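> Predicted model and sequence below, questions to follow.
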Amino acid sequence: MNLTFTPEAIAPIVQRIEAANEAFRQRYPGDPTGRQPVHTVYGGAHLFKADTAGKLGGVALRTMDAYAPNFVVFAKALGLPGADALPSDTANIEHLAEVIEKDASAASFAHEPAWMAYTVYKRVREKLQREPVEDYRVDFEDGYGNRPDDEEDGDAVKVGKELAAGMAAGTLPPFIGVRIKPFTLESYRRAVRTLDLCLTALAEASGGRVPDNFVVTLPKVTMPEQVTALADLIDLMEAKHGIPAGAIGLDLMIETPQAIIDHTGANTVNLLVRAGRGRVKYCAYGTYDYTALCNITAHYQTHTHPAADFARHVLQVSLAGTGVTISDGATTVMPIGPHRATKDKPLTPQQEAENLAVVHAAWKLHYDNVRHSLRHGYYQGWDLNPAQLPVRYAAVYAFFLESLEDASRRLNRFVDAAAQATLSGNMFDDAATGQGLLNFFLRGIACGAITEAEATATGITIEELRSRSFIKIVQNRAYQKKVV
């Protein structure tokens with residue numbers, strides 16, 4: 001075969017493309033393989049205690065007891081597929097639960113809507129007992145408000161000490177952080193002082209340690225200089241108290257139009273992330289501030305407004321493959337009944353019915369909003385009230401369970417095809433799709449939506465799942481086939 005290109009002639013071109021590919025690889029290392037929480041719960045700093053997460057789980061369970069005493073009521077409130085056909089009388093509901101509990105695998109085929117409703121309900125309750133909160137943000141911004149300086153000073157110190165106490169007692173959720181006020185002209189100095197007092201108290205009480213997966217959330221970011229300033233401050237804090245470098249991450253809240261497109265018309269998102277010098281771990285989208293700043297009136301400021309979806313898509317595309325995870329905004333309609341019983345004045349039947357209607361309507365709205373986020377590839381969002389926790393987990397669990405059978409078939413097929421291609425020396429060009437399928441199972445197991453047994457029914461072993469790498473699984477399978 002005759003060739004025109006000699007190695008010497010194309011060497012400069014090869015070097016350029018290799019350098020460009022390496023630069024691209026460094027900019028886009030791929031999605032993180034570690035766990036991503038399914039939500040972030042925001043709570044006012046004045047209310048935070050070392051055991052807050054566990055207490056929120058208790059409130060969530062009591063809410064379920066009051067407004068969803070069985071799996072059918074819960075399924076109908078959320079509108080799970082086929083829920084309308086499920087029985088309403090207690091005797092038949094209890095009998096159906098017994099049938100499913102006795103042989104869940106058979107029931108999943110014989111009574112699929114019932115199996116789905118029962119499984120979601122059961123796993124949500126188990127989750128609220130075991131790990132009710134995955135990520136918590138101690139809030140000095142919207143959930144705290146503007147208070148006298150001496151009061152915020154005191155709360156900042158208290159939060160630092162409570163974080164240290166929670167570390168010692170093992171009561172903190174697996175992901176946690178604090179949200180300070182924005183770095184605007186009006187609140188920058190207050191934000192810096194709160195950050196200093198809180199982290200100093202934490203470091204002094206913990207001996208220079210911070211919780212695992214600890215971040216500082218910066219709201220209403222508008223320019224890279226704000227992110228750089230926060231990164232500089234955290235550099236100083238870590239150096240002063242012997243905190244391991246990089247132990248404190250950043251969580252940026254993308255809730256202004258300027259955080260999406262700057263004054264030159266350029267995309268701002270990556271500029272903000274790079275300004276953090278590797279500290280930015282998450283970016284969270286704020287629906288209501290963003291739509292308000294786009295001059296959308298309050299009546300139309302919904303989670304699903306097209307303007308909100310535009311911002312989501314820009315954020316998603318900007319950070320795809322960078323290793324920075326994204327989170328969606330909140331449902332602001334709280335599932336809280338308008339009537340409260342007192343010791344001397346219990347609720348009337350009409351008031352109880354009104355409470356039930358209000359809570360179920362708010363649950364349904366939150367469920368639909370979470371499902372909207374999941375369909376758009378946002379696997380994490382905000383929760384603002386413990387009564388929203390059952391719905392968050394129900395929406396996530398139903399999403400994973402509905403796709404389980406199809407994902408199982410596809411993953412098994414992809415692994416076999418990729419292993420065969422590797423064994424024969426060919427290229428398998430759908431590795432990204434294979435990793436995405438594997439990530440489906442990793443996400444589902446991490447949050448409790450699916451079990452390890454359900455994941456291994458695909459033919460993937462526990463050891464392969466724990467490798468968290470589609471490529472490693474394929475290489476190992478190819479090697480095993482070659483040896484045999």
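Now that the structure is in, tell me what you want to look at.
> what about the nearest residue in space to Arg371 that is not next to it in sequence, how many residues close to it?
Once flanking residues are discounted, Arg371 sits nearest to Ala395: 5.4 Å by C-beta to C-beta, 6 or more residues apart in numbering. (C-beta placed from N, C-alpha, C; glycine too.) Neighbours of Ala395 under the rule other C-beta atoms under 10 Å: 25.
> Tell me which residue is most central in the protein.
Gln380 (2.5 Å; C-alpha atoms, centre = their mean).
> how close does Tyr379 sit to Ala23?
29 Å (C-beta to C-beta, to the nearest Å).
> Between the two, point out the one with more neighbours.
Tyr379 (22 against 10).
> quick one: the more buried one and Thr40 touch, right?
No. If you go by C-beta atoms under 8 Å, Tyr379 and Thr40 don't touch, sitting 12.0 Å apart.
> low-confidence ranges in the protein?
Along the chain, the parts satisfying pLDDT under 70 run over 104-111, 418-431, 477-484.
> Domains in it, by residue range?
In terms of domains, the chain is parsed into 39-59+134-384, 68-128, 402-483 (source: automatic domain parsing).
> measure the closest residue to Asp262 other than its chain neighbours to Asp232 for me?
The shortest distance from Asp262 to any non-neighbouring residue, by C-beta to C-beta, 6+ apart, is to Thr268 (4.5 Å). Per C-beta to C-beta, Thr268 is found 20 Å from Asp232.
> who has more neighbours, those two?
Thr268 (23 against 11).
> What residues does that one make contact with?
When contacts are counted by C-beta atoms under 8 Å, 6 or more residues apart in numbering, Thr268 touches 223-224, 258-262.
> ok, the nearest residue to Asp149 once chain neighbours are set aside - contacts?
Computed as C-beta to C-beta, 6+ apart, the closest residue to Asp149 that is not its neighbour in sequence is Arg190, at 7.3 Å. Contacts for Arg190 (C-beta under 8 Å, 6+ apart) come out as 149, 152, 181.
> Ala45 versus the first one, what's the distance?
Between Asp149 and Ala45 the distance is 14 Å, computed by C-beta to C-beta.
> These two: who's more crowded?
Taking other C-beta under 10 Å, Asp149 and Ala45 do not tie; Ala45 has more neighbours (24 against 12).
> in the stretch 251-400 of the chain, which spans are strands?
280-285, 325-327, 381-383 (DSSP state E, counting those that start in this stretch).
> and of the contacts of Arg190, the nearest to Arg371?
Of all the contacts of Arg190, Arg371 sits closest to Lys181, with 32.3 Å by C-beta to C-beta.
> In the chain, which helix is the longest?
For the chain, the helix with the greatest residue count under DSSP state H is helix 389-423.
> For that one, buried residues please.
Neighbour counts over helix 389-423 (16 or more other C-beta atoms under 10 Å) mark 389-401, 404, 407-408, 410-411, 414-415, 418-419, 421-422 as buried.
> Which elements pack onto that helix?
strand 39-44, helix 52-67, helix 71-78, helix 112-130, helix 349-375, strand 381-383, helix 431-447, helix 470-483 (3 or more C-beta pairs under 8 Å, 6 or more residues apart in numbering; DSSP states H and E).
> How far away from the center of its chain is it?
What separates the centre of helix 389-423 from the centre of its chain is 18 Å, taken as C-alpha atoms, centre = their mean, to the nearest Å.
> tell me the angle it makes with strand 39-44.
Angle, helix 389-423 to strand 39-44, by axes from the mean of the first three to the mean of the last three C-alpha atoms, to 10 degrees: 150 degrees.
> how about the nearest residue to Cys283, chain neighbours excluded?
Cys283 sits nearest to Leu252 (C-beta to C-beta, 6+ apart), 4.9 Å away.
> Quick check: beta-bridge partners of that neighbour?
Beta-bridge pairing for Leu252 (DSSP bridges): Leu218, Cys283.
> list the contacts for it?
So Leu252 contacts 217-218, 221, 227, 259, 272-273, 276, 280, 282-284 (C-beta under 8 Å, 6+ apart).
> Let me know the distance separating it from Lys181.
On the measure of C-beta to C-beta, Leu252 and Lys181 end up 14 Å apart.
> go on, Ser469?
On the measure of C-beta to C-beta, Ser469 and Lys181 end up 40 Å apart.
> Show me which of the two is the more surrounded one.
More crowded of Ser469 and Lys181, by other C-beta under 10 Å: Lys181, with 25 against 16.
> in a helix, that's where Tyr136 is, yeah?
No. When classified by DSSP: H, G, I helix; E, B strand; the rest coil, Tyr136 is found to be strand rather than part of a helix.
> Am I right that it is in contact with Pro173?
Yes. If you go by C-beta under 8 Å, Tyr136 and Pro173 touch, sitting 5.0 Å apart.
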